[in-house]
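Q: Mind folding the following:
(2 chains)
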Amino acid sequence: MRSIWRTLDRGLLRDIALVGLAVGVIGVSYGAIAVAAGFPLWLPVLMSTLVLAGASEFLFIGIVAAGGSPIAAVAAGLLVNARHLPFGLSLPDVLGGGWRRLLGSHVMNDESVVFALAQPDLARKRAAYWACGGAVLVCWPTGALLGALAGSAVHGTSALGLDAMFPAVLLALVLPALRDGAKRRSALTGAVLALAAAPFLPAGLPVLLALAGLAVPGPRARTEVAG
Amino acid sequence: MNHHTTLVVAALALAAGTFAFRLAGPLLRSRVTFPARVEKLLETASVVLLVALVATTTLYEGHGWAGYARPAGVLVGGVLAWRKLPFLVVVLAAAGTTAVLRLAGVG
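A: Next up is the predicted model:
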């Protein structure tokens, strides 16, 4: 497989470090936004460590800050995080057993899953998954703490274009998998469904709805093997 | 319950539920053997989820249109990744394009 990376070499570690840095900077804005919205400093730090899923934490903070009930905030956050169930189903043998499975489950996120997915064999999938999961586990709470300490000094990071970084990272890593015709058809159908539903459904649901794309029947005979 | 206790309980509930979602997949995989066709389907499921996530986070901010700057940046990143440029270049070009467009007043 001719992917961007051949081995878990310095190049891949640099890529993971870059993602960790971006996650950390977004964490800074998350901590700052939480404190500016009137939450105590410990809340973004606690959530970034224990929940460790950025989108659901932003949503939680946003709903409670807008006067919504904490129960609604938890429900919305869980809806956004439901995609981790199919993620875990698709990662056979990457996590291992025992305590590794417990810690490995905790560091499951979009970034670690997509880095693992982009690797050609199990050894490298494992290495990439743990390296990226560990980087996010360190960078996200650290960023949130720094942001919360800095208070309202930092207001969002949109001027830096960091919001384009997250989808670009996922896209770059998932592109090789799209050379497989059947996967491409399912993924594109799912994306269209998610885009059509996004204006109407609560956050998290459109992405889950995309799984309906799996039902798209493809001409099985000419399923190509990725490059 | 005072406000802080409510927040702690809510944050812990979100953390516990999220962890349950994350652990359920690996637990199931270690207990149940899936036929090869289902294995392939499950692997495809991650690709489908990630591509849908790319699409929605590129074009939407909440329920509304994200503006032109972000999709333009992601598009530039995607083209560079397609042309097999290094990951570092891809990601920085995506962020840079969006930042420059915003600086130029494009929403």
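Q: in chain B, what residue is nearest chain A?
A: The minimum distance from chain B to chain A, using C-beta to the nearest C-beta, falls at residue B:25 (1.8 Å). In short, each C-beta sits where N, CA and C put it, glycine included.
Q: Is stretch B:75-89 positioned near chain A?
A: Yes. Looking at stretch B:75-89 against chain A by C-beta under 8 Å from any C-beta of the partner chain, the contacts come from B:77-78, B:81-82, B:84, B:86-88.
Q: which of those count as buried?
A: Using 16 or more other C-beta atoms under 10 Å in any protein chain shown as the burial test, the residues of stretch B:75-89 next to chain A include B:77-78, B:81, B:86-87 as buried.
Q: Would you mark the buried spots in stretch B:21-39?
A: For stretch B:21-39, the neighbour count (16+ other C-beta under 10 Å) marks B:21-26, B:29 as buried.
Q: cool, stretch A:182-197 as well?
A: Residues of stretch A:182-197 classed as buried: A:182-191, A:193-195, A:197 (neighbour count, 16+ other C-beta under 10 Å).
Q: In helices, which of those residues appear?
A: Counted as lying in helices by DSSP state H, out of the buried residues of stretch A:182-197, are A:182-191, A:193-195, A:197.
Q: is chain B contacted by the helix or strand where residue A:165 lies?
A: Element membership of residue A:165 [criterion: DSSP states H and E] is helix A:162-174. Yes. Helix A:162-174 is in contact with chain B by C-beta under 8 Å from any C-beta, via A:162-174.
Q: which other helices and strands contact that helix?
A: When contacts are defined as 3 or more C-beta pairs under 8 Å, 6 or more residues apart in numbering or on different chains; DSSP states H and E, helix A:162-174 packs onto helix A:10-36, helix A:110-117, helix B:36-59, helix B:69-82, helix B:87-103.
Q: which of these is buried the deepest?
A: Among the helices and strands packed on helix A:162-174, helix A:110-117 has the highest mean neighbour count (mean count of other C-beta atoms under 10 Å in any protein chain shown), at a mean of 26.
Q: Can you spell out which helices and strands pack onto that helix?
A: Secondary-structure packing of helix A:110-117 (3+ C-beta pairs under 8 Å, 6+ apart): helix A:10-36, helix A:122-150, helix A:162-174, helix B:36-59.
Q: could you turn it into PDB, dropping everything but the C-alphas?
A: Written as PDB, here are the backbone C-alpha positions of helix A:110-117 (Å, rounded to 0.1, in the frame of the first residue of the first chain):
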ATOM      1  CA  ASP A 110     -11.500  10.400  15.500                       C
ATOM      2  CA  GLU A 111      -7.800  11.100  15.300                       C
ATOM      3  CA  SER A 112      -6.500   7.800  16.700                       C
ATOM      4  CA  VAL A 113      -9.000   5.700  14.800                       C
ATOM      5  CA  VAL A 114      -8.200   7.400  11.400                       C
ATOM      6  CA  PHE A 115      -4.400   7.200  12.000                       C
ATOM      7  CA  ALA A 116      -4.800   3.500  12.800                       C
ATOM      8  CA  LEU A 117      -7.000   3.000   9.700                       C
END
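Q: Contacts for that helix next, please.
A: A:15-16, A:19, A:23, A:87, A:90-91, A:94, A:125-126, A:128-133, A:136, A:166, A:169-170, A:173-174, A:177, B:46-47, B:50, B:53 (C-beta atoms under 8 Å, 6 or more residues apart in numbering or on different chains).
Q: For chain A, which residue gets nearest to chain B?
A: Closest point on chain A to chain B, by C-beta to the nearest C-beta, is residue A:88, at 1.8 Å.
Q: count of neighbours near that residue?
A: Number of residues near residue A:88 (other C-beta atoms under 10 Å in any protein chain shown) recorded here: 27.
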